[in-house]
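> sharing a sequence plus its predicted fold:
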2 protein chains.
Amino acid sequence: MKAEKIQQLNPNVSVDCVIFGFDFEQLKVLLIEREGNFEDKSQRLALPGDLIFNSENLLSAAQRVLEELTGLKDIFLKQVGAFGEPDRISKETDKQWLRSIRANPDARVITIAYYSLVQITDYAPQANSFATSANWYDVREIEDLAFDHYSILRQALDQLRMELQSRPVGFNLMPPKFTLGQLQKMYEAILGKSLDKRNFRRKILKLDILAPLEEKQQEVSHKPAQYFMFNEENYNKLRESGFDNFGF
Amino acid sequence: MKAEKIQQLNPNVSVDCVIFGFDFEQLKVLLIEREGNFEDKSQRLALPGDLIFNSENLLSAAQRVLEELTGLKDIFLKQVGAFGEPDRISKETDKQWLRSIRANPDARVITIAYYSLVQITDYAPQANSFATSANWYDVREIEDLAFDHYSILRQALDQLRMELQSRPVGFNLMPPKFTLGQLQKMYEAILGKSLDKRNFRRKILKLDILAPLEEKQQEVSHKPAQYFMFNEENYNKLRESGFDNFGF
């Protein structure tokens, strides 16, 4: 935010960020807690989001709000879509909370949601502004959230899974060298289901985005697995062009 | 619109509709003309769109606005996304036009775009409200439009083409009985490119959504082609579940 410029909030338009994180084991999502009289924790938890300024575009707003609330910056965000049910702020606890922080708490707000997928170890969220905490939560354990954020989360997850069917992912999620088993674990975490090992290997190798290394796993009790790295050029080319569906 | 209820327009949020139409030959799009001092016709042409009422949801607003401007109703609309560049209303002619019809012509407007694909012969557009005409235009001939509507159109077209890769389309576009050549023509019109005949036939038949009829074409100079109809149950099932990519 530029201090020298008076920024005017747009009372009708907000942005919300669904930041998925992978920690080599599970798919998580970044949520903030807010202060207030919430019946249970699920209602205190929300996606990082806030009103946009009238002078900024939607993507910049999403990046700014994400940084203000959680400290995360330089995150590549993609739009999920607009969520604009007139009654999307229907929970009494949410209304009370809005009255405590907004100039126009009763204005109808349409929110534009963005999503991303990052490696958790690359980012240490730091709560700020009206967020009292900012942490990663296992996606499978979330059953509800503030406002309509749960349905936004579900739609973002659908979109991420669809993306996985037509673009390679994982370049920023895997370590520089990894086994096919580790890569499969990432796909399984995102898709929320187990995959057939042979099928996965066949399909992922066919994409021609992996380069085998001479090196093998060491100090493991089972047969040591081959290490791979991404072929960055092929990976980026395929991310650009997309492919004919993974069929997972 | 219910006359007994005072509807309040939201000055910051609009909807725009990208209605694609197929006429057995080409892919077209429904555009309206507006009155005003526009330099050329492309600037007078726009997607049907307008501000939402504060009491309606986004989808209902899109349906209402589409009907008000073009007479088209009961159209199944899908969201393209939100378009919110602060300078999206930058053309002087658009600004002038807005001053002639809006209470808050300088308010920043974020628009939520929707799209659909219909059979042109099923609908006869009728211009109304601030639309002075409502007609179908060949998508390939459009090079610019009012506001940022040209980029909205391009993004909706990308989305339609992506949809075509994972869902069957055409149930509402083809006549009750049709040849594979006619069906291929529809896919080619939407994708904007020629397809290999053998490949197309193999892939489309593999989906198991077509039922061959006893009947063949009559009174044609070439070898008469087999007629098909959609298997409605399989078609709907596959539309619901999606498939593993057409690979066109």
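Nice, I can see it.
> what separation do you get for A:V15 and A:R108?
Computed as CB to CB, to the nearest Å, the A:V15 to A:R108 distance reads 16 Å. C-beta: built from backbone N, CA, C; applies to glycine.
> same check, this time on A:E214
A:E214 sits 61 Å away from A:R108 when distances are taken as CB to CB.
> and A:V15 and A:R108? Which one has more around it.
The neighbour comparison of A:V15 against A:R108 (other CB atoms under 10 Å in any protein chain shown) goes to A:V15, with 28 against 22.
> OK, contacts around the more buried one?
The neighbourhood of A:V15, defined by CB atoms under 8 Å, 6 or more residues apart in numbering or on different chains, consists of A:49-50, A:52, A:58, A:61-62, A:65, A:111-114.
> let's see stretch A:203-218 as CSV, backbone CA atoms only.
Backbone C-alpha positions of stretch A:203-218 (Å, rounded to 0.1, in the frame of the first residue of the first chain) are rendered in CSV as follows:
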residue,chain,number,x,y,z
LYS,A,203,1.4,-42.2,-17.7
ILE,A,204,3.8,-39.8,-16.0
LEU,A,205,6.8,-41.1,-17.9
LYS,A,206,4.9,-40.8,-21.2
LEU,A,207,4.7,-37.0,-20.6
ASP,A,208,8.5,-36.8,-21.1
ILE,A,209,8.9,-34.2,-18.3
LEU,A,210,11.1,-36.4,-16.0
ALA,A,211,14.8,-37.1,-16.4
PRO,A,212,16.2,-40.2,-14.6
LEU,A,213,19.3,-39.6,-12.5
GLU,A,214,22.2,-42.0,-12.1
GLU,A,215,21.7,-41.9,-8.3
LYS,A,216,19.4,-44.2,-6.4
GLN,A,217,18.0,-44.0,-2.9
GLN,A,218,20.4,-45.0,-0.1
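> centre of the chain versus it, how much separation?
The offset between the C-alpha centroid of stretch A:203-218 and the centroid of the whole chain comes to 27 Å, using CA atoms, centre = their mean, to the nearest Å.
> so A:F230 makes contact with A:F171?
Yes. Under the criterion of CB atoms under 8 Å, A:F230 makes contact with A:F171 at 5.4 Å.
> so between these two, which is more surrounded?
For A:F230 against A:F171, the residue with the higher neighbour count under other CB under 10 Å is A:F230, and the figures read 20 against 13.
> quick check: the gap between the more buried one and chain B.
Counting by CB to the nearest CB, to the nearest Å, the gap from A:F230 to chain B is 22 Å.
> how deep is A:A134 tucked in, by neighbour count?
Other residues within reach of A:A134, judged by other CB under 10 Å, total 21.
> kindly apply the preceding question to A:L31 instead.
Other residues within reach of A:L31 by the criterion other CB under 10 Å amount to 26.
> so it touches A:E141, yeah?
No. The pair A:L31 and A:E141 does not pass the contact test of CB under 8 Å, sitting 11.0 Å apart.
> and the helix or strand of chain A with the lowest mean pLDDT, what does it pack onto?
Between all helices and strands in chain A, the lowest mean by mean pLDDT, DSSP states H and E belongs to helix A:41-44, at a mean of 85. Contacts of helix A:41-44 with other secondary structure elements, assessed using 3 or more CB pairs under 8 Å, 6 or more residues apart in numbering or on different chains; DSSP states H and E, are made with strand A:27-34.
> who's in contact with the strand it packs on?
Counting contacts by CB under 8 Å, 6+ apart, the residues touching strand A:27-34 from outside are A:17-22, A:41, A:44-48, A:69-70, A:72, A:97, A:120, A:125, A:127, A:130-140, A:142, A:145-146, A:153, A:189-190, A:192.
> one more time with 7 Å, if that's ok
Strand A:27-34 has contacts (CB atoms under 7 Å, 6 or more residues apart in numbering or on different chains) with A:18-21, A:44-48, A:69-70, A:97, A:120, A:125, A:127, A:130-139, A:142, A:153, A:189-190.
> tell me the strands beside it, with direction?
Strand A:27-34 has these partner strands in its sheet, going by DSSP bridges: strand A:9-22 (antiparallel), strand A:45-46 (antiparallel), strand A:131-138 (antiparallel).
> give me the mean pLDDT for that strand.
pLDDT averaged over strand A:27-34 equals 96, rounded to a whole number.
> can you pull the buried residues of it?
Residues A:27-34 are the ones in strand A:27-34 that count as buried (16 or more other CB atoms under 10 Å in any protein chain shown).
> kindly export that strand (C-alpha atoms) in CSV.
Below are the C-alpha coordinates for strand A:27-34, written out as CSV (Å, rounded to 0.1, in the frame of the first residue of the first chain):
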residue,chain,number,x,y,z
LEU,A,27,-2.8,-31.5,0.9
LYS,A,28,-3.4,-28.6,3.2
VAL,A,29,-5.0,-25.2,2.9
LEU,A,30,-4.1,-21.9,4.5
LEU,A,31,-6.7,-20.5,6.8
ILE,A,32,-6.9,-17.6,9.2
GLU,A,33,-8.7,-17.2,12.5
ARG,A,34,-10.6,-14.1,13.4
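> how far does that strand sit from its chain's centre?
Taking the mean C-alpha point of strand A:27-34 and that of its whole chain, the gap between them comes to 9 Å (CA atoms, centre = their mean).
> cool, stretch A:129-139 as well?
The gap between where stretch A:129-139 is centred and where its chain is centred comes out at 13 Å by CA atoms, centre = their mean.
> which residues touch that stretch?
Counting by CB under 7 Å, 6+ apart, residues outside stretch A:129-139 touching it are A:21, A:26-35, A:48, A:68-70, A:101, A:120, A:125-127, A:157.
> and what of stretch A:55-73?
Residues external to stretch A:55-73 that are found in contact with it (CB under 7 Å, 6+ apart): A:7, A:15, A:17, A:19, A:30, A:32, A:48-50, A:52-53, A:75, A:77, A:112, A:114, A:123, A:125-129, A:131, A:134, B:82, B:84-86.
> mind giving me the ChimeraX select for the residues you listed, buried ones only?
The buried subset of the contacts of stretch A:55-73, as determined by 16+ other CB under 10 Å, is captured in ChimeraX by this line:
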select /A:15,17,19,30,32,48,49,50,52,53,75,77,112,114,123,125,127,131,134 /B:82,84,86
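> for the longest helix seen in chain A, which positions count as buried?
Counting by DSSP state H, the longest helix found in chain A is helix A:149-166. By neighbour count, with 16+ other CB under 10 Å as the criterion, the buried positions of helix A:149-166 are A:149-150, A:152-153, A:155-157, A:159-160, A:163-166.
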